[in-house]
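*Asks:* Structure for this input, please:
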Amino acid sequence: MIFLVCLIMPLLDLSESSSKPSDDEQKIFQYIDHHQDIFVQNLSDWVAVESDSIQPHLRGNITEIVKIAADSLRALGATVELRNVSAQDEPYVQNLSLPPVILAELGNDTEKPTVCFYGHLDVMPAKKEDGWKTDPYRLTEVDGKLYGRGTTDNKGPVLAWINAVRTFIALNMTLPVNIKFLLEGMEEAGSLGLEDLLKEENKIFFSNVTYIVISDNIWLSNEKPALTYGTRGNAGFFVEVECCKKDLHSGSFGGIIHEAMSDLVALLDSLVDSSGRILIPGIYEDVANITDEEMKLYAPIDFNFDEHKMNIGVKEFLYKTKDDILLNMWRNPSLSIHGIEGAFSEPGIKTVIPSKVIGKFSIRQVPNMNLPTVESQVKEHLNNVFSKRNSPNKLTVSMQVGAMPWIANVKDLQYEAARRAIKTVFQQDPDMIRDGSTIPVAKMFEDITKKSIMMFPIGAADDGEHSQNEKINRLSYINGTKVFASFLLEISKLHGASKLMTAT
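*Replies:* As a prediction, the model looks like this:
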């Protein structure tokens with residue numbers, strides 16, 4: 001027994017790992033390099049489908065890309081099921097059908113771990129006239145950058161996973177794990193119908209799943225790879241002020257009534273100060289205390305101030321040190337004001353007093369903050385500010401969006417497997433990062449399946465997800481395919497060693 005444990009222990013040594021590719025990895029990497037133009041052409045074919053889930057009239061395009069992805073998985077030998085989900089009610093379209101969700105599986109060896117990859121096939125709206133330098137639905141390569149809507153969010157990463165599995169099969173190599181795919185087409189519109197499907201399939205499709213991987217975010221750097229272990233939540237609010245039943249002429253009535261816009265501007269101004277600190281009483285009380293172990297993860301992160309400012313197009317940040325920026329981007333709550341509905345926003349001036357205006361803002365909340373508590377704090381604060389204005393206008397505050405933060409255990413085996421794969425492919429250790437945005441599916445999967453979740457990005461910080469001129473670097477796409485293939489080998493080894501260790 002002691003001898004067996006001595007054999008197993010080196011396999012579970014998580015402090016050091018070789019960065020030299022194994023013989024199998026060398027074959028895999030060579031195949032991927034030699035077939036990269038085919039992989040890029042596949043991405044071009046996917047980008048050409050305008051699978052915009054926001055606009056109802058394009059819903060058929062999502063069904064088209066779902067069928068294309070399903071055919072790609074069937075070509076691997078996977079069993080593929082297209083699951084219908086409940087219909088969606090739109091303001092002007094009743095019972096609009098939702099695209100089917102792909103449930104695919106390849107392999108059922110009970111001795112192997114099962115890795116489930118989640119991704120989405122829909123994209124945000126994009127038009128050339130929005131400021132794109134190229135046609136957003138025609139993949140264009142410039143200086144090694146592959147431009148097109150969905151290249152990094154999320155068609156490129158989805159295809160990189162499929163390409164990784166395809167490589168094993170093309171080389172007649174046994175897949176080291178069982179693999180499942182769950183691909184949807186409504187993520188950008190809130191993953192409509194997905195939660196109910198997960199609950200239905202929790203004891204069926206997910207019954208033998210060991211690890212769940214999501215590749216739907218980006219690195220912190222333009223060049224250095226990263227693994228993501230946490231995201232912030234999101235509480236979105238509407239603040240509605242109504243002063244009269246119809247718009248009024250500002251010359252006839254300005255100066256004699258309490259204007260809704262004046263009240264709203266005062267309310268929005270009371271939410272956050274010029275240093276970014278939220279002014280709502282009690283909002284910071286439930287924020288989880290940072291630990292020494294957590295702070296140690298920040299030290300090796302290579303944060304380039306100039307690169308980050310250039311990527312987002314600002315002159316200065318609110319903070320001067322790396323730790324302060326990262327803490328306030330990932331670890332502390334933030335409040336952003338997004339817009340005002342009901343006010344005139346076209347070019348020129350319209351001299352009317354709007355009868356009703358709606359301000360929109362959100363709070364990105366972090367671990368230990370409670371959504372009902374945040375909602376109560378916001379409403380109490382805004383009602384207090386409004387009462388001091390002595391306005392007769394009608395105030396309505398409502399929380400329209402509520403998504404919880406997510407945090408993972410960076411010591412999970414799949415994080416170690418991903419670190420090793422990254423070290424092999426990129427010859428450097430990844431940054432361990434959080435994401436300041438909200439990716440609700442991570443928390444959704446965790447809460448429903450109770451499985452280990454990991455976020456494994458391959459896109460660079462300057463990829464411009466949701467923005468004009470979205471791109472993925474060819475190198476990121478190809479190396480992403482390599483690193484996913486290497487990960488499957490690494491998780492197989494670590495999982496097997498862990499099972500032996502447990503058995504002893």
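*Asks:* those helices in the stretch 301-450 of the chain, which residues are they?
*Replies:* 305-312, 322-326, 371-387, 413-426, 440-449 (DSSP state H, counting those that start in this stretch).
*Asks:* P392: how many residues sit nearby?
*Replies:* Using other Cβ atoms under 10 Å, P392 is surrounded by 8 other residues. All C-beta spots, glycine's among them, are computed from the backbone N, C-alpha and C.
*Asks:* Now it: phi and psi?
*Replies:* phi -80, psi 0 (degrees, to the nearest 10).
*Asks:* Not counting sequence-adjacent ones, nearest residue to it?
*Replies:* H258 (6.0 Å; Cβ to Cβ, 6 or more residues apart in numbering).
*Asks:* ok so, going back, could you dump the helices of the stretch 301-450 of the chain to a markdown table with distance to E465?
*Replies:* Shown next, in a markdown table, are the helices of the stretch 301-450 of the chain (distance: least, Cβ to Cβ, whole Å):
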| stretch | distance to E465 |
| --- | --- |
| helix 305-312 | 12 |
| helix 322-326 | 19 |
| helix 371-387 | 26 |
| helix 413-426 | 20 |
| helix 440-449 | 15 |
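*Asks:* Identify, out of these, the most deeply packed stretch.
*Replies:* Neighbour counts (mean count of other Cβ atoms under 10 Å) averaged over each of the helices of the stretch 301-450 of the chain peak at helix 413-426, with a mean of 22.
*Asks:* Mind listing residues that contact it?
*Replies:* Residues outside helix 413-426 that contact it (Cβ atoms under 8 Å, 6 or more residues apart in numbering) are 14, 17-21, 25, 29, 115, 211, 213, 225, 227, 229, 408-409, 428-430, 452, 454, 456, 479, 482-484, 486-487, 489-491, 493-495, 498.
*Asks:* Counting only strands, which of those make the cut?
*Replies:* In this view, these that belong to strands under DSSP state E are 115, 211, 213, 227, 229, 452, 454.
*Asks:* Now do the contacts for the first one.
*Replies:* With contacts defined as Cβ under 8 Å, 6+ apart, V115 is in contact with 177-180, 209-213, 414, 488, 491.
*Asks:* quick one on the thing from earlier: quick one, which of the contacts of helix 413-426 are buried?
*Replies:* Using 16 or more other Cβ atoms under 10 Å as the burial test, the contacts of helix 413-426 include 17, 21, 25, 29, 115, 211, 213, 225, 227, 229, 408, 429-430, 452, 454, 456, 479, 482-484, 486-487, 489-491, 493-495 as buried.
*Asks:* which one among the contacts of V115 gets closest to A189?
*Replies:* Closest approach between these and A189, by Cβ to Cβ: I212, at 21.6 Å.
*Asks:* tell me the pLDDT at that closest one?
*Replies:* According to the prediction, I212 has pLDDT 98.
*Asks:* and the one helix or strand V239 maps to, which strands flank it?
*Replies:* According to DSSP states H and E, V239 maps onto strand 234-242. If you go by DSSP bridges, strand 234-242 pairs up with strand 356-364 (antiparallel), strand 394-403 (antiparallel).
*Asks:* Please identify which of those strands is closest to G254.
*Replies:* G254 lies closest, by Cβ to Cβ, to one member of the strands paired with strand 234-242: strand 356-364, at 15.3 Å.
*Asks:* burial of D143, as a residue count?
*Replies:* Applying other Cβ under 10 Å, I find that D143 has 6 neighbouring residues.
*Asks:* and the chain, what are its domains?
*Replies:* 2-231+405-503, 234-287+332-403 (automatic domain parsing).
*Asks:* Just the terminal-to-terminal distance for the last one.
*Replies:* This points to domain 234-287+332-403. 5 Å (Cα to Cα, to the nearest Å).
*Asks:* how far away is P354 from F253?
*Replies:* Computed as Cβ to Cβ, to the nearest Å, the P354 to F253 distance reads 12 Å.
*Asks:* oh sorry, the question was meant for V47
*Replies:* Distance from V47 to F253, by Cβ to Cβ: 52 Å.
*Asks:* Out of those two, name the residue with the larger neighbour count.
*Replies:* Neighbours were counted for V47 and for F253 using other Cβ under 10 Å; V47 has more, 26 against 14.
*Asks:* Neighbours of the residue nearest to that one when sequence neighbours are not counted, how many?
*Replies:* Spatial nearest neighbour of V47, chain neighbours left out: G148 (3.9 Å); criterion: Cβ to Cβ, 6+ apart. Using other Cβ under 10 Å, the number of residues around G148 comes to 28.
*Asks:* One more: M124?
*Replies:* 17.
*Asks:* Please apply the same query to K145.
*Replies:* Residues near K145, counting by other Cβ under 10 Å, number 18.
*Asks:* okay, the strands paired with strand 234-242, which one's buried deepest?
*Replies:* strand 356-364 (a mean of 21).
*Asks:* Tell me where the model's unsure across the stretch 1-150 of the chain.
*Replies:* Along the stretch 1-150 of the chain, segments meeting pLDDT under 70 span 1-18, 87-95.
*Asks:* And the helices in it?
*Replies:* Here the stretch 1-150 of the chain has its helices, by DSSP H, counting those that start in this stretch, at 2-8, 23-34, 36-47, 59-74.
*Asks:* if you count residues, which helix in this protein comes out on top?
*Replies:* helix 474-503 (DSSP state H).
*Asks:* rewinding a little: and the residue nearest to P392, what element?
*Replies:* H258 belongs to no helix or strand, assigned by DSSP H and E.
*Asks:* so what's it up against?
*Replies:* H258 neighbours (Cβ under 8 Å, 6+ apart): 243, 389, 391-393.
*Asks:* how much space between it and F29?
*Replies:* According to Cβ to Cβ, H258 and F29 sit 69 Å apart.
*Asks:* and what of Q36?
*Replies:* 11 Å.
*Asks:* tell me the contacts of the residue lying farthest from the centre of the chain?
*Replies:* Taking Cα atoms, centre = their mean, the residue of the chain most remote from its mean C-alpha position is S252, at 49.7 Å. Counting by Cβ under 8 Å, 6+ apart, S252 makes contact with nothing.
*Asks:* Many thanks, have a good one.
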